[in-house]
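>>> Kindly return the folded structure for what I paste below:
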Amino acid sequence: MPERALDRAVPFVLGLFRIVVGLLFAAHGAAALFGVFGGGPKGGTVAAGVWPSWYAAVIQLGCGLLVAFGLGTRIAALLASGSMAYAYFVVHQPDGLLPLQNHGEPAAMFCWAFLLLAFTGPGALAVDALFRKRPDDARGVVSGESRGALSAVQVSPGGGE
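Now for the predicted structure:
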């Protein structure tokens, strides 16, 4: 019984996860580009066009907002995941093997979180749902068919149903 209630909540929890991760990512980009929230990595802003810092900040702000709003989530999440993989292996990895040693935990976590969203889709509460034709999709309800969000069968393979 509790598993069914949890399964019904999956699209909404996934939507909330998407919103939080997207806003956190966008905040990193806004800090680096505009100096808000304490500024970029060294407290200021990154100069326009500087590789890779400025491009990373633009990706963080743009993809973070797209993911948070659930607009083009899969593509934006895939681009964000790739940028964080690049950041981890090019910027952090030379300083040590493990994320704890090289201060790459945020890059690694964002990379995997966005990769998850690229595969699961936006969940509920996404702007993309407004453009779908089926009324169930607009409410973020997941039916028996898989349409990019997790269904009960996908959440608990081999489960009771």
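
>>> centroid residue for this protein?
Phe114 (3.8 Å; C-alpha atoms, centre = their mean).

>>> Three-state assignment for that one, please.
Three-state call for Phe114 (DSSP: H, G, I helix; E, B strand; the rest coil): helix.

>>> Do I have it right that it meets Thr73?
No: applying C-beta atoms under 8 Å as the test, Phe114 and Thr73 come out as separate, 9.6 Å apart. Bear in mind the C-beta positions are built from the backbone N, C-alpha and C, glycine included.

>>> what do these two both touch?
Listed as contacting both Phe114 and Thr73 by C-beta atoms under 8 Å, 6 or more residues apart in numbering are Val67.

>>> quick one on the thing from earlier: need the contact list for the residue nearest to the centre of the chain.
Phe114 is in contact with 21, 25, 63, 67, 77-78, 80-81, 84, counting by C-beta under 8 Å, 6+ apart.

>>> Could you dump the residues you listed into JSON lines with secondary structure and neighbour count added?
Formatted as JSON lines, the contacts of Phe114 follow (DSSP: H, G, I helix; E, B strand; the rest coil; neighbours: other C-beta atoms under 10 Å):
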{"residue": "Val21", "secondary structure": "helix", "neighbour count": "21"}
{"residue": "Phe25", "secondary structure": "helix", "neighbour count": "29"}
{"residue": "Cys63", "secondary structure": "helix", "neighbour count": "27"}
{"residue": "Val67", "secondary structure": "helix", "neighbour count": "30"}
{"residue": "Ala77", "secondary structure": "helix", "neighbour count": "28"}
{"residue": "Leu78", "secondary structure": "helix", "neighbour count": "16"}
{"residue": "Ala80", "secondary structure": "helix", "neighbour count": "29"}
{"residue": "Ser81", "secondary structure": "helix", "neighbour count": "21"}
{"residue": "Met84", "secondary structure": "helix", "neighbour count": "26"}
